[in-house]
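*Asks:* Based on what follows, work out the 3D shape:
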Amino acid sequence: MKLPWLALGLLLLGYTTFSWFLYAAHVTWIAWVAVLAFTLAEALLLTTFSKGVRTLIRSWLTSDVGYFTTIICAAFLVVLALVWVRIFSYVVMILAAELLARLELQQWQQSRWQSFVILSLVSFTGLGLGLGIGYLFRV
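*Replies:* Sure, this is the predicted structure:
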């Protein structure tokens, strides 16, 4: 099985730096649980549930209420991005790396579940590495 090592390396590096940042910021365990949930949800949405998400978005955007709600949510996300620009930049970096890795895995004809397992393992490994490096250097 051939893997896209560069894309997976970027994903690992992205999660490692994000985890190291969180360790240095002394966040609570609730934030760590949220990051773990985000990591798992992102891998699930990009792999196994991608068809369902597309169908949901298409049906949601067929009505005026759906468009209006989407615009309000997008405006709220822009405000959050401006307020928490540092965290938002990490999230965008991780999302871009995970999308690249998913596309590369798709090109190498990995199944959805194989892609999910690979993305999850690399992501959780990066989180663990960043936490371990932060603990080791006591940032």
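
*Asks:* Kindly tell me how buried Gln110 is, as a neighbour count.
*Replies:* Gln110 has 21 neighbouring residues, counting by other CB atoms under 10 Å. (Each C-beta comes from the backbone N, C-alpha and C, glycine too.)

*Asks:* pLDDT below threshold where in this protein?
*Replies:* Low-confidence segments of the chain, defined by pLDDT under 70, are located at 1, 50, 139.

*Asks:* what ranges do the helices span in it?
*Replies:* Taking DSSP state H as the test, the helices found in the chain are 5-24, 29-46, 50-60, 64-83, 85-107, 112-137.

*Asks:* tell me the most buried of those helices?
*Replies:* Most buried of the helices of the chain, by mean neighbour count (mean count of other CB atoms under 10 Å): helix 5-24, with a mean of 19.

*Asks:* Now do the contacts for the residue nearest to Pro4 when sequence neighbours are not counted.
*Replies:* The shortest distance from Pro4 to any residue that is not its chain neighbour, by CB to CB, 6 or more residues apart in numbering, is 3.4 Å, and that residue is Glu104. Residues in contact with Glu104 (CB atoms under 8 Å, 6 or more residues apart in numbering) are Pro4, Ala7, Leu8.
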